[in-house]
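Novice: next one to model:
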Amino acid sequence: MTTDTLTPRITALLATLTQAERRRLSLRIATALQAANAARLAAQQQPDGSPFSPRKPQPARYPAAQGKIRQALFARLRTEQHLRIRTATPGLAEVGFSARDERIARIHHYGLSDPVNPHLTIRYPIRQLLGITDADQAAIARTVMDHITGA
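Specialist: Here you go, the predicted model:
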């Protein structure tokens, strides 16, 4: 079965859950999505599997460090401190970035321009940071079915 055929069945089964059960289930799903997106950020891949466009080489103060990339893209953004799970209602949990990090992520996710100093504005390439892949959808369906069947 595909997730399209499972969706009406899952929706009907989710309606029978209590608020506490829906909250637990949404947190399980959000935690799995957080881990999947963090792993994708660590692998420098977009949700469709294509690699991020590489970072431009930075000029260095010392000739020996010229052209070396010191840190991977979004190394801090993929940590749990920055990639957060928010719960607003019992059946809703979302994975996103905290306040300042959200601005940085939005700029990179949509390929927007951002001033780096008063005299220079840079347009960043599109790097989709968060997303749900087909494997994530299948994992969500398995998690829901396992929760409902009590596994």
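Novice: drop to CA atoms for contacts and neighbour counts, all remaining ones
Specialist: OK.
Novice: okay, Glu103: pLDDT?
Specialist: Careful, residue 103 is Arg; it's not Glu. At Arg103, the model reports a pLDDT of 92.
Novice: low-confidence ranges, this protein, go.
Specialist: For the chain, the stretches with pLDDT under 70 are 1-7, 58-60, 62-70, 151.
Novice: measure the residue nearest the centre of the chain to Leu73 for me?
Specialist: What sits nearest the mean C-alpha location of the chain, by Cα atoms, centre = their mean, is Leu130, with 3.2 Å. Noted for Leu130: a distance of 14 Å to Leu73, by Cα to Cα, to the nearest Å.
Novice: now do the strands in this structure.
Specialist: Per DSSP state E, the chain carries strands over the ranges 83-89, 92-97, 113-117, 120-123.
Novice: most neighbours per residue, which of these?
Specialist: strand 92-97 (a mean of 19; mean count of other Cα atoms under 10 Å).
Novice: contacts only, for Arg23.
Specialist: Neighbouring residues of Arg23 by Cα atoms under 8 Å, 6 or more residues apart in numbering: Thr89, Pro90, Gly91, Leu92, Ala93.
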